[in-house]
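>>> Got a predicted structure here, sequence first:
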Amino acid sequence: MKKIHHIPHIVALFVVAATLLQLQNVTAPTPETTPPSIVPVAISVLPLPLPSTSDPLGVLSTTKNIPTATVKNEVTADSKLPTLANKNAASDPEILQNPPTSYAGMSVSAREIITPSGQSYPNRVYETFLVPNDPLYNQWWVTPMGMTSVWDATSFASQVKIAVIDTGFALNHQEFTNRWATNNGELGIALSEGANDLNCTDRGLALNQSCNNIDDNYDGIVDNESGATSRQNPSKRNCTSLGLPLNKNCNNIDDDGNGYIDDWRGWDFANFDASAQAGETNPTGSGTAHGTTVTGILGATGNNGVGIAGVNWYAKILPLQALNDDSYGDTYTVSNAVRYAADQGADIISISLGTSADDPYMRLAILYALDRGSIVVAAAGNDGCNCIAFPANYPEVLAVGAISPSGTPATFSSYGANLDILAPGQSMVSPTYSSSNLSSAYATVSGTSFATPYFSGLLGLAKASQPTASWEELIGALFENSNKTGLSAISPRSDTLGFGITRSSTMLNRIRSPHSTLLRYQFGGGTILGSTRAYQCDSSTVPSTRYYQLTRSGQYRYTANLRELSKAIASGWTAQQIATTCIGLPGDSVNTTRTIDIPRELLNLQIKQ
């Protein structure tokens, strides 16, 4: 496995054990006639990486005046809140609102990514470690999570696309038939085709980086390198050579003009080709299985008479390979996969990878995805300490930890101030890749790598059921209905539990069954960014949505949306978390709504007119 000594590496996240999960119920909300008191919260900050030039990557199609910013790298408890220092008040107020949309001329080495303008970013190494367990057995989490009730729903208001960024995938596994997301721009009858792109062997040449059909130096250009190698991709043959009718998915032409030839079913960013199939460069490599096992927990097809049932049987899954068969990948490959997922319209981007080090280039990719409507879910990590991995440790990312079959946090699951939720992640049976069995192999695995797709799959079911709800509304409603044992209205989250333990059936029942409420005290005053449905919880409900106040020059804004929060901070607003609230959903029926004017009634402030 390739490692760089200087660079903190990323582990894809694993371990093992088994017993039955026991969960407790939470009392259902009841109407109130008087508003309960707001729970005060401590104000704390989290770093927001800001570009130090007007063109952070040196390749923007637009020119924006982005001021110099100083980034604080410490993380403090209780709040996901970015902070900005050395703000230039006269600068453009839309910093980071429009992350870069195109990239060209990057210089990529093992240590760093250098843009054409000279901006340098560290290039982190991403790795996965898989610990296979004993033979397959029945899933322990199906009954305690109420999955039979979850799976009862067979029709949804919309189709959801979930991108999985990982190693390669067993694309022909029996659990994923008709489940992969496709790109219509690279499908359909073609009128022409490009030439074959043969690898070294098919050209009769010795293996070399100049002909192995691999982007060995990760600059987005294949075979512009030279030097000995032991790896090569299969030759890229056109439709005619494959004996197929002329079609855009095999004509070796970039029909949709997005820079990726024949990307009809995902993309391999580790090798820069159209096939995310595991095992193409090393059939027995250490990185061949992880992507398939992760995807199986998320979406192995249920009720198909074979194997297991994943959490979400209906989502379309976009397979994006960012680590090669030998488990090597880095900031550049993973962040490019994030951007591609967003450009392909992924609703959810699931990342079962992480690093111990801050990765600002990756964070720019995440902000890019959020601005295009995606939500990013990532694994907390497997170090079992107060040390959540990046990118999960960024405030804009939903960080998922793992529980064991006993219903308690898994001993390996990392925790900290940015942990959001816990989900099953230990002793999980899932489809896997095997060089000797490409369509029906299974394995037992553990780690936050599997808690992450579990929650991504659940979030996908929520989005499909309530497509008009915002992400903060869906996530808040799910969190409100988690197992809150160990939490309270006074302490609605903790560093070890986040906002609680997933209760799949109870959570989705909230999404699918609108609330009918006699009286709701809804937050107002100032300008609301994002959802306007935040309200004060009744006395029986533990709040689960962070609510922030933004101030600038006597003006006030409020939001529960973390991307709106980061954009406002970058535009010179001061931010603080003022409460943890409940949040409504489209379709909720409220007989009487009373607005709490936050600045005047709760904070004794006067809004500047």
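Noted; the coordinates are in hand.
>>> And the helices in the stretch 351-500 of the chain, which stretches?
For the stretch 351-500 of the chain, the helices defined by DSSP state H, counting those that start in this stretch occupy 360-371, 448-465, 471-480.
>>> quick check: angle from the longest one to helix 471-480?
Comparing the axes of helix 448-465 and helix 471-480 via axes from the mean of the first three to the mean of the last three CA atoms, to 10 degrees yields an angle of 120 degrees.
>>> my guess is residue 413 contacts residue 384, does it?
Yes. Counting by CB atoms under 8 Å, residue 413 does reach residue 384; the two are 6.6 Å apart. For every residue, glycine as well, the C-beta is placed using N, CA and C.
>>> out of the two, which sits in the more crowded spot?
Set side by side, residue 413 and residue 384 show more neighbours around residue 413, with 31 against 14, by other CB atoms under 10 Å.
>>> And the pLDDT for the more buried one?
pLDDT, residue 413: 95.
>>> for the one 3 residues further on, same thing?
At residue 416 the predicted local confidence, pLDDT, stands at 96.
>>> Please name the nearest non-neighbouring residue to residue 234.
Distances taken as CB to CB, 6 or more residues apart in numbering place residue 280 nearest to residue 234, at 6.0 Å, with adjacent residues excluded.
>>> From residue 293, how far off is the one you found?
In this view, residue 280 and residue 293 are 18 Å apart by CB to CB, to the nearest Å.
>>> So those two - more neighbours on which side?
Counted by other CB under 10 Å, residue 280 and residue 293 do not tie: residue 293 has more neighbours, with 33 against 23.
>>> quick one: contacts for the more buried one?
130, 428, 430, 431, 432, 443, 445, 449, 450 (CB atoms under 8 Å, 6 or more residues apart in numbering).
>>> need the residues you listed in CSV with distance to residue 254, pLDDT and neighbour count, can you?
Formatted as CSV, the contacts of residue 293 follow (distance: CB to CB, whole Å; pLDDT from 0 to 100; neighbours: other CB atoms under 10 Å):
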residue, distance to residue 254, pLDDT, neighbour count
130, 34, 31, 20
428, 38, 92, 28
430, 34, 95, 25
431, 31, 95, 29
432, 33, 95, 24
443, 36, 91, 22
445, 36, 92, 27
449, 33, 95, 33
450, 35, 96, 27
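>>> What is the nearest of those residues to residue 390?
Proximity of those to residue 390 was ranked by CB to CB; the top entry is residue 449 with 15.0 Å.
>>> What residue, apart from its backbone neighbours, is nearest residue 146 spatially?
That would be residue 505: by CB to CB, 6+ apart, it lies 2.6 Å from residue 146.
>>> which one of the helices of the stretch 351-500 of the chain is the most hemmed in?
helix 448-465 (a mean of 28; mean count of other CB atoms under 10 Å).
>>> Which other helices and strands does that one contact?
strand 161-166, helix 290-299, strand 348-351, strand 375-379, strand 398-403, strand 421-424, helix 471-480, helix 504-512 (3 or more CB pairs under 8 Å, 6 or more residues apart in numbering; DSSP states H and E).
>>> Minimum distance to residue 200: which of those has it?
Comparing the helices and strands packed on helix 448-465 against residue 200 with CB to CB, the closest turns out to be helix 290-299 (25.9 Å).
>>> Just the mean pLDDT for whatever helix or strand comes next after the closest one, thanks.
Downstream of helix 290-299, the first helix or strand assigned by DSSP states H and E is strand 316-321. For strand 316-321, the mean per-residue pLDDT is 98.
>>> Check stretch 232-252 too.
94.
>>> pLDDT wise, what is residue 137 at?
For residue 137, the model assigns a pLDDT of 36.
>>> coming back round to it: which residues sit in contact with the residue nearest to residue 146?
145, 146, 147, 149, 150.
>>> How about residue 205?
Contacts of residue 205 (CB under 8 Å, 6+ apart): residue 211.
>>> Surely it is within a strand?
No. Residue 205 is assigned coil when assessed by DSSP: H, G, I helix; E, B strand; the rest coil, not a strand.
>>> follow-up on the earlier one: adding distance to residue 239 as columns, could you present the helices of the stretch 351-500 of the chain in TSV?
Shown next, in TSV, are the helices of the stretch 351-500 of the chain (distance: least, CB to CB, whole Å):
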stretch	distance to residue 239
helix 360-371	33
helix 448-465	34
helix 471-480	40
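>>> And those, which one averages the lowest pLDDT?
Minimum mean pLDDT among those: helix 360-371, a mean of 93.
>>> tell me the angle that helix makes with strand 375-379.
Orientation check (the same axes, to 10 degrees): helix 360-371 against strand 375-379 gives 140 degrees.
>>> hey, C-alpha coordinates of helix 360-371 in CSV?
Presented in CSV, the C-alpha positions along helix 360-371 are these (Å, rounded to 0.1, in the frame of the first residue of the first chain):
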residue,chain,number,x,y,z
PRO,A,360,-9.2,23.0,3.2
TYR,A,361,-9.2,21.9,-0.5
MET,A,362,-11.7,19.2,0.4
ARG,A,363,-13.8,21.7,2.3
LEU,A,364,-14.1,23.9,-0.7
ALA,A,365,-15.4,20.9,-2.6
ILE,A,366,-18.0,20.3,0.1
LEU,A,367,-19.1,24.0,0.1
TYR,A,368,-19.4,23.6,-3.7
ALA,A,369,-21.7,20.6,-3.3
LEU,A,370,-23.8,22.3,-0.6
ASP,A,371,-24.4,25.3,-2.9
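>>> Just the pLDDT for the residue located most distally from the centre of the chain.
Going by CA atoms, centre = their mean, the residue of the chain most distant from its centre is residue 204, 42.6 Å out. For residue 204, the pLDDT comes out at 93.
>>> can you tell me which residues contact it?
Counting by CB under 8 Å, 6+ apart, residue 204 has no contacts.
>>> Number the chain from 50, please
All right, first residue 50 from here; so that's residue 253.
>>> Please report how far it lies from residue 287.
19 Å.
>>> Residue ranges in the protein under the pLDDT threshold?
Within the chain, the set of residues satisfying pLDDT under 70 comprises 50-154, 174-187, 203-204, 206, 651-658.
>>> how about the helices of the stretch 400-549 of the chain, which one is nearest residue 349?
Using CB to CB, the helices of the stretch 400-549 of the chain put helix 497-514 closest to residue 349, at 9.6 Å.
>>> between the closest one and helix 553-561, how big is the angle?
Helix 497-514 and helix 553-561 meet at an angle of 30 degrees, taking the same axes, to 10 degrees as the criterion.
>>> Okay, angle between helix 497-514 and helix 339-348 too, please.
Angle, helix 497-514 to helix 339-348, by the same axes, to 10 degrees: 40 degrees.
>>> Distance from the chain centre to helix 497-514, please.
10 Å (CA atoms, centre = their mean, to the nearest Å).
>>> Tell me who's in contact with residue 158.
For residue 158, the contacting residues are 172, 266, by CB under 8 Å, 6+ apart.
>>> again, only using 10 Å
53, 172, 266, 267, 268, 381 (CB atoms under 10 Å, 6 or more residues apart in numbering).
>>> From those residues, list the buried ones, please.
Among the contacts of residue 158, those classed as buried by neighbour count (16 or more other CB atoms under 10 Å) are 172, 266, 267, 268, 381.
>>> excluding its backbone neighbours, what's nearest the second one?
Taking CB to CB, 6+ apart as the measure, residue 266 lies nearest to residue 274, with 5.3 Å between them; neighbours along the chain are not counted.
>>> what about that neighbour, distance to residue 263?
Residue 274 sits 9 Å away from residue 263, taking CB to CB as the criterion.
>>> Which one of these two is surrounded by more residues?
When residue 274 and residue 263 are compared for neighbours, residue 263 comes out ahead with 24 against 17, by other CB under 10 Å.
>>> Would you confirm that residue 222 contacts residue 344?
Yes. Counting by CB atoms under 10 Å, residue 222 does reach residue 344; the two are 8.7 Å apart.
>>> okay, those two: which has more neighbours?
Applying other CB under 10 Å to residue 222 and residue 344 shows that residue 344 carries more neighbours, namely 30 against 27.
>>> ok, that one to residue 288 distance?
28 Å.
>>> now do residue 637
52 Å.
>>> Please say which of those two ends up with more neighbours.
Between residue 637 and residue 288, residue 288 has the larger neighbour count (other CB under 10 Å), namely 19 against 16.
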